[in-house]
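Novice: Next one to model:
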Amino acid sequence: MIMEIGVKVGDIMTRNFISAKPDISVLNAVKLMVKKRVGSLLLVEKDILKGILTEKDVMWALSKKSSKKVLAEIKAIDICTKKITVIRPSADIQNAIRLMRKAKFRRLPVVIKKRIIGLLTLKDILRIQPELFEIAKENYTIKEEAEKLKRIKIGESFKEGICEECGNFDVLYNVDGKLICESCRDAM
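Specialist: Residues are numbered from 1 along each chain as shown. As a prediction, this is how the structure comes out:
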């Protein structure tokens, strides 16, 4: 059972979150994100959250579409994350961390009666309680290990040793008869 620590979401959330209308083009959304130096954009209509456009969503669109012109024609709402986990401002930070870990999100919109009032990010939490980094990090480590196990299940063999490509000691994968590390394999 997670013990509450007494710090509420509303105490540390970002109140000046960056938002845009859902029909903003992906290109204009990216320009806004770059200008404001943020990794996500809340898509809001009449104070109601419609979606979150993240860097990952943009990267996905870039991998599927071939030019800036196309990105100028796509609406952010069409590629954004719509299944959104939210939290109340009165919730304890420990509950927020648990929710973030479970949903595998780094950001939680803060709502009251479906109206968005703020955004809680992993960065907000770590600024207040750096020792919670280990708790938050567990989720990402577990996710990485799950990916490795998935590769084992699909028959990809590996062992530890010196990478034949870069010379680093790491976990090695047999790719076309050559033992290489994950970084070199991903670069291929």
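
Novice: what's the offset of the helix or strand containing Asn95 from the middle of its chain?
Specialist: Using DSSP states H and E, Asn95 sits within helix 93-103. In terms of Cα atoms, centre = their mean, to the nearest Å, the centre of helix 93-103 is found 14 Å from the chain centre.

Novice: How much space separates Ile128 from Leu41?
Specialist: Distance of Ile128 to Leu41, given as Cβ to Cβ, to the nearest Å: 24 Å. Yep, even glycine has a C-beta here, placed from its N, CA and C like the rest.

Novice: gap between the two ends of stretch 165-183?
Specialist: Length of stretch 165-183, first residue to last, Cα to Cα, to the nearest Å: 10 Å.

Novice: all numbers from here: first residue = 32
Specialist: Okay, residue one is now 32; in that scheme the one you just asked about reads as stretch 196-214.

Novice: so for it, what's the average pLDDT?
Specialist: The pLDDT scores in stretch 196-214 average 80.

Novice: Which residues belonging to it are considered buried?
Specialist: Glu196, Asp201, Leu203, Tyr204, Leu210, Ile211, Cys212, Glu213 (16 or more other Cβ atoms under 10 Å).

Novice: How much space separates Asp54 from Glu76?
Specialist: In this view, Asp54 and Glu76 are 9 Å apart by Cβ to Cβ.

Novice: Now do the domain split for the protein, please.
Specialist: The chain breaks down by automatic domain parsing into domains covering 40-166, 188-219.
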